[in-house]
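Peer 1: quick one, fold the following:
(4 chains, ligands or ions: 6)
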Amino acid sequence: MTASLATLSLPNPVLTASGCAAAGRELHQFFDVAALGAVVTKSIMTRPRSGRATPRMAETPSGMLNSIGLQGPGIDSFIENDLAWLAAHGARTVVSIAGGHTDEYVEITRKLNGNAAVSMLEVNISCPNVESRGQVFACDVHASSRVIGAVRRAADPALPVFAKLSPDVTDITLIARACADAGADGFSLINTLLGMVIDTDTMAPALGGVTGGLSGPAIRPVALRCVWQVHQKLPSYPIIGMGGIRCGLDALQFILAGASAVSVGTAVFGDPSAPVRVLAELEAALDARGFASLAGAVGYAHRAPEHRLGPDAPQAAAS
Amino acid sequence: MTASLATLSLPNPVLTASGCAAAGRELHQFFDVAALGAVVTKSIMTRPRSGRATPRMAETPSGMLNSIGLQGPGIDSFIENDLAWLAAHGARTVVSIAGGHTDEYVEITRKLNGNAAVSMLEVNISCPNVESRGQVFACDVHASSRVIGAVRRAADPALPVFAKLSPDVTDITLIARACADAGADGFSLINTLLGMVIDTDTMAPALGGVTGGLSGPAIRPVALRCVWQVHQKLPSYPIIGMGGIRCGLDALQFILAGASAVSVGTAVFGDPSAPVRVLAELEAALDARGFASLAGAVGYAHRAPEHRLGPDAPQAAAS
Amino acid sequence: MSNPVQETAEIFAVARVGEYVQFTVVAPGVAAGFLPGHFVAVGVGGENTSMLLRRAFALYGATPSGQFAGTVQFIVAAHGPGTRWLLQRSAGETLDLVGPLGTPFPMPSGPAPAVLVGGGYGTAPLIPLANALLAAGSPVEMIVGASTASRLFGELVAKRTIGAVTVTTDDGSAGVHGRVTDVLPDAIRGVNAEVVYACGPMPMLRAVGDVARTHAIHAQVAVEEAMACGIGVCMTCVLPVRGDDGASRFLRSCVEGPVFDADRVRWADVGSLPDDLVGADAMAWH
Amino acid sequence: MSNPVQETAEIFAVARVGEYVQFTVVAPGVAAGFLPGHFVAVGVGGENTSMLLRRAFALYGATPSGQFAGTVQFIVAAHGPGTRWLLQRSAGETLDLVGPLGTPFPMPSGPAPAVLVGGGYGTAPLIPLANALLAAGSPVEMIVGASTASRLFGELVAKRTIGAVTVTTDDGSAGVHGRVTDVLPDAIRGVNAEVVYACGPMPMLRAVGDVARTHAIHAQVAVEEAMACGIGVCMTCVLPVRGDDGASRFLRSCVEGPVFDADRVRWADVGSLPDDLVGADAMAWH
Ligand SMILES: Cc1cc2nc3c(=O)[nH]c(=O)nc-3n(C[C@H](O)[C@H](O)[C@H](O)COP(=O)(O)OP(=O)(O)OC[C@H]3O[C@@H](n4cnc5c(N)ncnc54)[C@H](O)[C@@H]3O)c2cc1C
Ligand SMILES: Cc1cc2nc3c(=O)[nH]c(=O)nc-3n(C[C@H](O)[C@H](O)[C@H](O)COP(=O)(O)OP(=O)(O)OC[C@H]3O[C@@H](n4cnc5c(N)ncnc54)[C@H](O)[C@@H]3O)c2cc1C
Ligand SMILES: Cc1cc2nc3c(=O)[nH]c(=O)nc-3n(C[C@H](O)[C@H](O)[C@H](O)COP(=O)(O)O)c2cc1C
Ligand SMILES: Cc1cc2nc3c(=O)[nH]c(=O)nc-3n(C[C@H](O)[C@H](O)[C@H](O)COP(=O)(O)O)c2cc1C
Ligand code: FES
Ligand code: FES
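Peer 2: Ligands and ions are numbered 1, 2, ... in the order given. A predicted model of the protein is given here:
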């Protein structure tokens, strides 16, 4: 079930989500990481980062908040240890990169150029822009466009560059359009929603970081709406859909809304082998609906009823 | 446990949420509507409205989507039947008003002026602006400010006017600031998040309206964050907090984040007497924490640890 | 209104009936107000569930007094996660019920011959209705249909209640090979019916309405629309219904229904927004 | 790594022990890899639950072979909704387990006298540790403490295992009136301990570490930090720990712990971000 993401072709459309699979090693205890479409690694920055103070998570109804703060070893250690491990284990790797200013994104990109272990760059622009008093890049068309343009120019031309967008904006299609114009080859939708919980015992915010990112099935309707909107406005741009995917039918919703692949994030915390299970269930679901190829299902829900018959029409729809 | 919302004083801080209690009559079968702080009525427009085609709802993890489309009888019938019934039953009433353009909001406001049954206007600006190709008022500072300013000028000066904001914006504090500058006396936070579900059997959007509003506990962390942010930026403006409140401790979180009252919405669908239960639980929770008054708890979670002692300090915090 | 109450109801018995499961629960408040056509809204999933909304089930019966005083009965078919959860419950556990809800079947003012048509578990609310009609002296005929034999419900009880019942299945696995509407005209003529009552899938209800109309009698049908609240506050459960004034409006099937006069329902427009609906003109941009 | 597996585990027995409940579940894969100090992550809430995350419990024992072959045991204290759900389970039902997880207690290379200190249910993982130490020829002393008598766990089993146990309670309702650290110095001296092992609340672990340091021995302590994944992928469960190089880092308590050398943990900085942590300088605007 080949998934096609710009110039990249993957054996299947199920990926991990950045920050929910570290660099694959721990999940490899539960399933072969090479069996996935790709491993998307935790967003990496130039230097080592401590991350935020604990508590870093709070469970919420059908979701969770995290305020990890991009704890990580820095790009050099990442390349030497994590990327090498992933390559040695035959995994295709999407490297998620992050930064506090445009130059940092470019610096990381350059370090990754020419590394055969990298299949794609996912640019996490849900980071505070240190040059703009901490405003998140992804919340501003200009900042988003500047980072994506710079990464696209710096990156090996053969390497697809996907912009990972935040749902915390008035119109996600405007940000997507700006990124597309700046050279993004596709989109990863969505990052977490900003949320918070107050601990009613301490009567203070439950997270060390006060606010945190909301993920899990709770946000799935919002994620699906974002995929739907961006696919509608920019139908030729491939999308990696994510946000609360727990089973094959959840993944199918994203495909039908316009995603060419999906990432499984928070679900891994409850079920470490969720990504391979979702893959098997998605394959069965597509099959049951008579789709000969994944491509035939991508964006299918956008078709007007009268266009649901035809070469790609699943039997279910034709009957 | 008096709640104070600008010039309005309510016997307690628990209200219904607009669109989740109709005009009180049906809930009165389960509890006395006069026992609540106030009944917030379904958003009313000038003329009768059919609302959207069905299906109008989809259950989602810890949430639901609705695409009712503001079905309602129009302001005249509302005043004659619903408002009269509420007054006859001793309920304090917050009338939620909606419109497709500024004049419509003004027209409704004028019709409500001088009606003793009305305690407050809640201006639902999460409506498409027909003069701006359907862009939602609440997603634009100018449109928001224009509507709120016009309603404030048209309304009886003694009647508090609250702006009900949408979370689907890049920075809700900017919209709040614009509404405050235009004369809003306070805020109702939040309306639903835009979301969607795709039916994997029909492979088409599950809702007649394609997208719908996400409500319920799933959105509580987002709602709480919005209340926190707006209270932080505009501490002197009272807030009615809502979004996924199901029990007294949920309500307490909103109070601690800065809300002076709360609305219980979707929870009513699972438990018709949720509002009175939430009220009893909230009272007990405040009591257990040693708060002598509701006012002492409003925004308490914003205090730095060293300011948690003092006249309003609950015993729990002082020990 | 139906004077609904919210009750924590102990499950008295759970019994498998064909593909369905019959619940008998102790809910005196619900039982007290019961009339045929009422439904209950049942909380599903237990504490900490991700399912917020109640599930609606037509009441199959209520026993306000006597040996099983204060019990009500309803029939559950497996559908999605909520009904799956219900089907895993057993006697002694409790359910959270709100009911009785809805507008019941209108009863004729005096004795009046009637045909009752049930599709699948839709037969359930017709059994207490049959009893009430018979008690009022009305001759009753009953047709019970389903796609296949295992999906039939209530044919034995119906036979016991009324003396005779006509069974149809789409696949011929039981009774007459065909649809309920194939045998309805004969039944109407046979008993000289003045009214038809029906409960079952929407296409069936529509077809029953058509047959009734050709015989110039009314059909009172109980519809099934997805409901969020079940008590009339949310406006999700509407369908387009013609009023006395000739104008059509979206009416709430949970309070103004679930029983409607089939002739008033605009079947072809269910699931769309007809232009001539009251207030449809105000829907620009919505 | 601990070679964890995911297993659907039938509950073999549920037994109340003071304020706690002891679960014995059939999980041969978990049992196979068990070493003292390992924990399991248990799914809670069942199908359609709103609780996404697993709950961590220290393993109280595992029986890889013999009569109860393939079972593991853990102790659950009531805390919030997840543990409340667990406490409602009964034998015959199944649980979803991932384990064994974490880095177990390091064992001395040869026989070495040790003191084991358990606070509340923290005694649980120390019982299999005591057995392992005794089997390796190490003399073992054990201190079991709690705020009050009903919160004690394992004092009888400890006594049976080791021959003697010192009990403390903060309120004096059982054993010595006081804290575990009040009796720890005597215990260390009594057995001439080369190492202390502890599991219990964070302030207790810190205090145990302080006592051990004054006696110039190591304390290996099992911490409890809120965990989202339990398997090392999410970075929620960190605490600041000094490394061999003298530099401090946030380490994951689910894989690099839960057992740490108390001297390496920067107790005073747990819950904050010390400036000198590796990578703290990169945290502007975060
Ligand atoms: C007035 C009325 C009477 C009913 N009587 C019976 C009965 O006697 N026996 C029986 O088995 N079923 C009956 N139903 C249908 C029953 O309510 C649904 O099968 C059930 O709600 C499905 O829930 P689920 O979680 O299994 O499925 P899901 O499809 O997962 O449900 C998701 C959501 O959609 C709603 N929904 C889905 N299908 C329906 C439907 N057909 N009708 C209403 N809501 C739906 C659910 O309430 C829920 O909120 C009745 C419905 C109504 C409205
Ligand atoms: C390594 C380890 C071993 C443990 N061993 C035991 C044991 O043997 N017996 C026992 O009763 N408890 C043990 N705990 C604590 C137990 O995991 C928590 O009490 C439980 O997760 C609380 O879940 P809840 O839903 O009841 O509470 P809630 O407070 O509602 O839980 C909400 C969320 O916070 C997390 N959380 C809350 N408190 C804790 C805590 N103290 N530690 C970790 N996560 C927490 C939960 O996992 C959950 O994700 C252990 C924890 C860890 C990390
Ligand atoms: C603990 C945690 C850490 C995350 N870290 C990152 C990250 O480093 N970079 C990133 O782009 N997204 C990160 N995310 C967001 C996820 O990749 C994903 O976009 C989001 O969680 C929605 O998907 P889900 O609901 O399946 O988790 C993180 C999410 C979680 C829960
Ligand atoms: C079925 C339904 C109808 C609603 N109708 C309105 C409305 O007419 N006007 C309005 O301002 N908000 C409306 N809302 C939003 C609620 O008032 C509330 O802001 C939102 O649902 C969040 O609160 P909750 O999670 O407690 O429901 C509606 C919500 C639901 C679920
Ligand atoms: S289901 Fe809410 S109004 Fe009918
Ligand atoms: S709990 Fe996820 S890394 Fe430790």
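
Peer 1: mind showing which ranges of the chain have poor pLDDT?
Peer 2: Unless you meant another one, I'm taking chain A. Low-confidence segments of chain A, defined by pLDDT under 70, are located at A:305-319.

Peer 1: my bad, chain C
Peer 2: Using pLDDT under 70 as the threshold, the predicted model of chain C has low-confidence ranges C:1, C:285-286.

Peer 1: pretty sure C:Thr49 contacts D:Asn48?
Peer 2: Yes. With contacts defined as Cβ atoms under 8 Å, C:Thr49 counts as touching D:Asn48 at a distance of 5.6 Å. Placement of C-beta: from N, CA and C, glycine included.

Peer 1: so between the two, which is more surrounded?
Peer 2: C:Thr49 (24 against 19; other Cβ atoms under 10 Å in any protein chain shown).

Peer 1: helix, strand or coil: sort out the most centrally placed residue in chain A for me.
Peer 2: Residue closest to the mean C-alpha point of chain A, counted by Cα atoms, centre = their mean, is A:Ser188 at 4.4 Å. Secondary structure state of A:Ser188, per DSSP: H, G, I helix; E, B strand; the rest coil, is strand.

Peer 1: for C:Arg249, same thing?
Peer 2: strand.

Peer 1: list the contacts for it?
Peer 2: C:Arg249 makes contacts with B:50, C:240-241, C:243, C:277-279, as judged by Cβ atoms under 8 Å, 6 or more residues apart in numbering or on different chains.

Peer 1: what sits in contact with each of C:Thr49 and D:Asn48?
Peer 2: With contacts defined as Cβ under 8 Å, 6+ apart, the residues adjacent to both C:Thr49 and D:Asn48 are C:Trp85.

Peer 1: tell me the residues of the stretch 1-150 of chain A that contact chain C?
Peer 2: On the criterion Cβ under 8 Å from any Cβ of the partner chain, chain C has as its neighbours in the stretch 1-150 of chain A the residues A:61-62.

Peer 1: which single residue in the stretch 1-150 of chain A comes nearest to ligand 6?
Peer 2: At 7.7 Å from ligand 6, A:Ala22 is the closest residue in the stretch 1-150 of chain A, using Cβ to the nearest ligand atom.

Peer 1: what's the nearest residue to that residue if we skip its chain neighbours?
Peer 2: The shortest distance from A:Ala22 to any residue other than its chain neighbours is 4.4 Å, reached at D:Val233 (Cβ to Cβ, 6 or more residues apart in numbering or on different chains).

Peer 1: A:Ala143 now?
Peer 2: Leaving out its chain neighbours, the residue that sits closest to A:Ala143 by Cβ to Cβ, 6+ apart is A:Phe137, at 4.4 Å.

Peer 1: how many neighbours does the one you found have?
Peer 2: Residues contacting A:Phe137 under the criterion other Cβ under 10 Å number 31.

Peer 1: which residues are in contact with it?
Peer 2: Each residue near A:Phe137 by Cβ under 8 Å, 6+ apart is listed here: A:125-127, A:129, A:143-144, A:147.

Peer 1: okay, the residue of the stretch 1-150 of chain A found nearest ligand 1 and D:Val140: tell me how far apart.
Peer 2: Nearest residue of the stretch 1-150 of chain A to ligand 1 (Cβ to the nearest ligand atom) works out as A:Ser62 at 14.8 Å. Per Cβ to Cβ, to the nearest Å, A:Ser62 is found 46 Å from D:Val140.

Peer 1: who has more neighbours, the two?
Peer 2: A:Ser62 (27 against 24).

Peer 1: residues near residue 69, how many?
Peer 2: Let's take chain A. One way to gauge burial is a neighbour count; for A:Gly69, by other Cβ under 10 Å, it gives 22.

Peer 1: hm, I was asking about chain C
Peer 2: Here the count is done by other Cβ under 10 Å, and C:Ala69 has 11 residues near it.

Peer 1: what helix or strand does it sit in?
Peer 2: In this assignment (DSSP states H and E), C:Ala69 forms part of neither any helix nor any strand.

Peer 1: list the contacts of the nearest residue to it once chain neighbours are set aside.
Peer 2: Leaving aside its chain neighbours, C:Ala69 sits nearest to C:Thr63 (6.2 Å; criterion: Cβ to Cβ, 6+ apart). C:Thr63 makes contact with C:31, C:69-72, according to Cβ under 8 Å, 6+ apart.

Peer 1: next one: the longest strand anywhere in chain A to chain centre, how far?
Peer 2: In chain A, with assignment by DSSP state E, the single longest strand is strand A:118-124. Mean-position distance between strand A:118-124 and its chain equals 10 Å (Cα atoms, centre = their mean, to the nearest Å).

Peer 1: the closest residue to ligand 3 within chain A - how many residues pack around it?
Peer 2: Evaluated by Cβ to the nearest ligand atom, chain A has A:Gly19 as its residue closest to ligand 3, separated by 1.8 Å. Using other Cβ under 10 Å, A:Gly19 has 27 neighbouring residues.

Peer 1: and it, that's in a helix?
Peer 2: No. Inclusion of A:Gly19 in a helix is not indicated when three-state DSSP is applied; the result is coil.

Peer 1: for the residue in the stretch 1-150 of chain C that ligand 3 sits nearest to, what are its contacts?
Peer 2: Distances from the stretch 1-150 of chain C to ligand 3, computed as Cβ to the nearest ligand atom, single out C:Ser50 as the nearest residue at 14.0 Å. For C:Ser50, the contacting residues are A:61-62, A:217, B:61-62, D:48-50, taking Cβ under 8 Å, 6+ apart as the criterion.

Peer 1: any idea how far ligand 5 is from it?
Peer 2: 20 Å (Cβ to the nearest ligand atom, to the nearest Å).

Peer 1: got a list of what the closest residue to A:Gly258 other than its chain neighbours touches?
Peer 2: Using Cβ to Cβ, 6+ apart and skipping the chain neighbours, the partner closest in space to A:Gly258 is A:His231 (2.5 Å). With contacts taken as Cβ under 8 Å, 6+ apart, A:His231 has the following neighbours: A:237, A:239, A:257-259, A:299, A:302.

Peer 1: before we move on, what about A:Ala301?
Peer 2: Each residue near A:Ala301 by Cβ under 8 Å, 6+ apart is listed here: A:228, A:256-257, B:198, B:203-205.

Peer 1: of the residues you listed, which belong to strands?
Peer 2: Counted as lying in strands by DSSP E, out of the contacts of A:Ala301, are B:198, B:204-205.

Peer 1: filter those down to the buried ones and hand me the PyMOL line.
Peer 2: Filtering the ones in strands among the contacts of A:Ala301 down to the buried ones (16 or more other Cβ atoms under 10 Å in any protein chain shown) takes a single PyMOL command:
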select buried, chain B and resi 198+204+205
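
Peer 1: with secondary structure and distance to C:Gly271 added, can I get the contacts of A:His231 in CSV?
Peer 2: Rendered in CSV, the data for the contacts of A:His231 read as follows (DSSP: H, G, I helix; E, B strand; the rest coil; distance: Cβ to Cβ, whole Å):
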residue, secondary structure, distance to C:Gly271
A:Tyr237, coil, 33
A:Ile239, strand, 29
A:Ala257, helix, 21
A:Gly258, coil, 24
A:Ala259, coil, 27
A:Gly299, coil, 23
A:His302, helix, 19
